[in-house]
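K.L.:
Sequence first, then the predicted structure, then my questions.
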Amino acid sequence: MSNEKIVEIRKLSKTIGKKQIIKNLNLDLHKGEITGFLGPNGAGKTTTIRMMVGLMKPTQGDILIGGKSIRTDFEGSIEKVGVIVENPEMYKFMSGYKNLVHFARMHKGVTKARIDEVIQQVGMQNRIKEKVGSYSLGMRQRLGLAQALLNNPEFLILDEPTNGLDPAGIREFRMYLRKVARENDVAIFVSSHLLSEIELLCDRIAIIQNGELIDIKNVNEHQQSRYYIEAKPADQAKQVLEEIGFTVHPHENGYLIDTEPEHIPGAIKLLTAAGVDLYAVQPHRTTLEDQFLEMTGGGEIAQAHTK
Amino acid sequence: MLKLIQNEWMKLWSKKATWIMAILLIVILLANAGITKWIESTAPAPEIEWQEMEMMNLASAEDQLQNPDIGPAQQDYYEGQAAIAEYRLANDAAPFKVESLQQQVLDSHMMLSLVTLFTVIVGAGIVASEFSQGTIKMLLTRPVKRWKILTSKYITTMLFALLFAILTFVSIALFSWIFFGVGDGAFLVWNGSEVVEGSYWAEALKLSVLSLASTWMIGTFAFMLGTVFRSSSLAIGVSIFLMFVGVQLVFLLQRFEIVKYYLFTHTDLTQFYTGFMPIPDITMAMSLIVLTVYFLVFMVISYWTFSKRDVTA
């Protein structure tokens, strides 16, 4: 994974009416890296993405793509960007192929051979001559991906790309994005409210709340190793654990201790020796969801999660 | 830009509605010619001799010339009419019958209001439909500036109007040739000092081009409404309403000075050659200036809103 910056968001702000939707947002995206963009509904995900692709104008700040400003050199900056904003809406009255020809004409140097190549890539060669109106949602998503790849983008930006896809479709889509990121060294920026989805797909996660970037973290970053211990009588167990020297946090029906795996067998021996009955000893891994709820204070995500 | 226009043209003709409009136009023109033919063949013509008609024309033209309220363009027109009528009677030169290729072609500009109607539908929808289909997101996230996209859409609308106008002209010529054939008679014009024979094709073309000014203005107006309100039905409704009511308002506003700056006083440029002028003291130059100013205002509003708008839908 190279560390070359492809996108720089600088002090980005957006005010609509009197409400400041995005507050002084800074973010860099690198080649070959998939960054997830996570936040409760109404946090400003879509607004940020729309500013990145030129659908909305920043009130303040700037976005540089490949070093070119979206404000002063729109055509230059967006040249190597592929976009899927929510459901890819195509011209339903035209065939998939004509849709691709249409978009290809709007880029420089997209040849007929390139169109055919992209159709092969997304596996649509059999139905590309049919009208888009007859496509299923999955087919439309694929066509949406095809149009985003036409210009060999260095930066792919996707807003809720898996909305409405079935699990198999989501999996396929995920594999495909990973492939593109690795093989073509493309930077990918994905917004989603599906936490598990982001966790599986992304290398890095940016979390936004109330228009502010509150955290950027790498997925699979080494986590503090934690264990969950459930034992009875609980008080006695706690006492024993504290005597060994662990910091003990109550959790559900038992306790959490921060420790490395090699200390666990010793601790179990001491607990049984003290006459405590053990019901469960297991590694405790905080999921992204837990972290997310912790950071954003819960609330709205419940709504997002049931979607 | 050529590629963008190509795109718009492709989208336009991929829609069934566009083909239906083209077919409808031809069917209406065919029916029109057919009905004229049917009336001619069934009604027992109470033949008024053309000489009698010309005498009536002459009398009414001279009558009009006595009217102190007519403007300079009308003055010229009625003088010409009177001279031509006198010439016809003196030299036994009959005019065209209504049921002849020549007269039908000469009157073809009246059918251009159909073209205006279809142009309004296309112009109102060409931007608005991108918003209603959601495709605007796909269209504006390309390395093409917004003003270029809007320009390609405007040019496409005007090309559509031009194509339909040509289609109308050719269809009328063809159908009237099939139904009526080339009739006897001479096309006469008054060149200011004498009556000479002229080309009816050139005259018909001139009137058609002048009529297109109205198509152009109302089409541009619909285009602006579609761009600003992103609703094609609203834009079509308001434009067609104005197309009919706007002209009537000229008569209501007749006594006020403001009528001279009112769009619909000037949209019919053929008025300088047909004698029918609700406001007699305007001139062609003045009309062209007023139309240009309106055009610029419509364009500025369209481009301004389209380039500045945040796409949120």
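P.N.:
Right, received. Where do you want to start?
K.L.:
Check the secondary structure at the residue nearest the centre of chain A for me.
P.N.:
Nearest to the geometric centre of chain A sits residue A:36, at 2.3 Å (Cα atoms, centre = their mean). Counting by DSSP: H, G, I helix; E, B strand; the rest coil, the backbone at residue A:36 sits in strand.
K.L.:
Might you report the residue contacts of it?
P.N.:
Each residue near residue A:36 by Cβ atoms under 8 Å, 6 or more residues apart in numbering or on different chains is listed here: A:190-192, A:198-199, A:201-202, A:204-206, A:219. (Each C-beta comes from the backbone N, C-alpha and C, glycine too.)
K.L.:
Run through the residues that contact the residue nearest the centre of chain B.
P.N.:
Most central residue of chain B, judged by C-alpha distance to the mean C-alpha position with Cα atoms, centre = their mean, is residue B:211 at 3.3 Å. Taking Cβ under 8 Å, 6+ apart as the criterion, residue B:211 is in contact with B:109-110, B:112, B:268-270.
K.L.:
Look at it and give its secondary structure.
P.N.:
Per three-state DSSP, the secondary structure class of residue B:211 is helix.
K.L.:
And the pLDDT at it?
P.N.:
Listed pLDDT for residue B:211 reads 92.
K.L.:
Can you name the residue of the stretch 51-200 of chain A nearest to chain B?
P.N.:
Residue nearest to chain B within the stretch 51-200 of chain A (Cβ to the nearest Cβ): residue A:89, separated by 3.4 Å.
K.L.:
any idea which element that residue lies in?
P.N.:
Following DSSP states H and E, one finds residue A:89 outside all helices and strands.
K.L.:
What's the local residue count around the nearest residue to it once chain neighbours are set aside?
P.N.:
Closest residue to residue A:89 apart from its sequence neighbours, by Cβ to Cβ, 6 or more residues apart in numbering or on different chains: residue B:134 at 3.4 Å. Other residues near residue B:134 come to 16 when the count uses other Cβ atoms under 10 Å in any protein chain shown.
K.L.:
Can you tell me how far residue B:134 is from residue A:144?
P.N.:
Shown here: residue B:134 relative to residue A:144, a distance of 12 Å by Cβ to Cβ, to the nearest Å.
K.L.:
go on, residue B:300?
P.N.:
In this view, residue B:300 and residue A:144 are 35 Å apart by Cβ to Cβ.
K.L.:
Equivalent analysis for residue B:8, please.
P.N.:
Here the distance between residue B:8 and residue A:144 works out to 21 Å (Cβ to Cβ).
K.L.:
With neighbour numbers in mind, choose between the two.
P.N.:
When neighbours are counted by other Cβ under 10 Å, residue B:8 and residue A:144 differ, and residue A:144 comes out ahead with 24 against 21.
K.L.:
hang on, residue A:91 in a strand?
P.N.:
No - assigned with three-state DSSP, residue A:91 falls outside any strand and is coil.
K.L.:
What mean pLDDT does stretch A:252-266 get?
P.N.:
This predicted structure assigns stretch A:252-266 an average pLDDT of 83.
K.L.:
in it, what counts as buried?
P.N.:
Using 16 or more other Cβ atoms under 10 Å in any protein chain shown as the burial criterion, the residues of stretch A:252-266 that qualify are A:254-257, A:259, A:264.
K.L.:
Among these, which ones are in helices?
P.N.:
Secondary structure assignment (DSSP state H) places residue A:264 from these within helices.
K.L.:
Would you mind confirming that residue A:211 makes contact with residue A:45?
P.N.:
No - Residue A:211 is beyond contact range of residue A:45, at 10.0 Å (criterion: Cβ atoms under 8 Å).
K.L.:
Look up how far residue A:244 lies from residue A:273.
P.N.:
Residue A:273 sits 12 Å away from residue A:244, taking Cβ to Cβ as the criterion.
K.L.:
So the two - more neighbours on which side?
P.N.:
residue A:244 (14 against 9).
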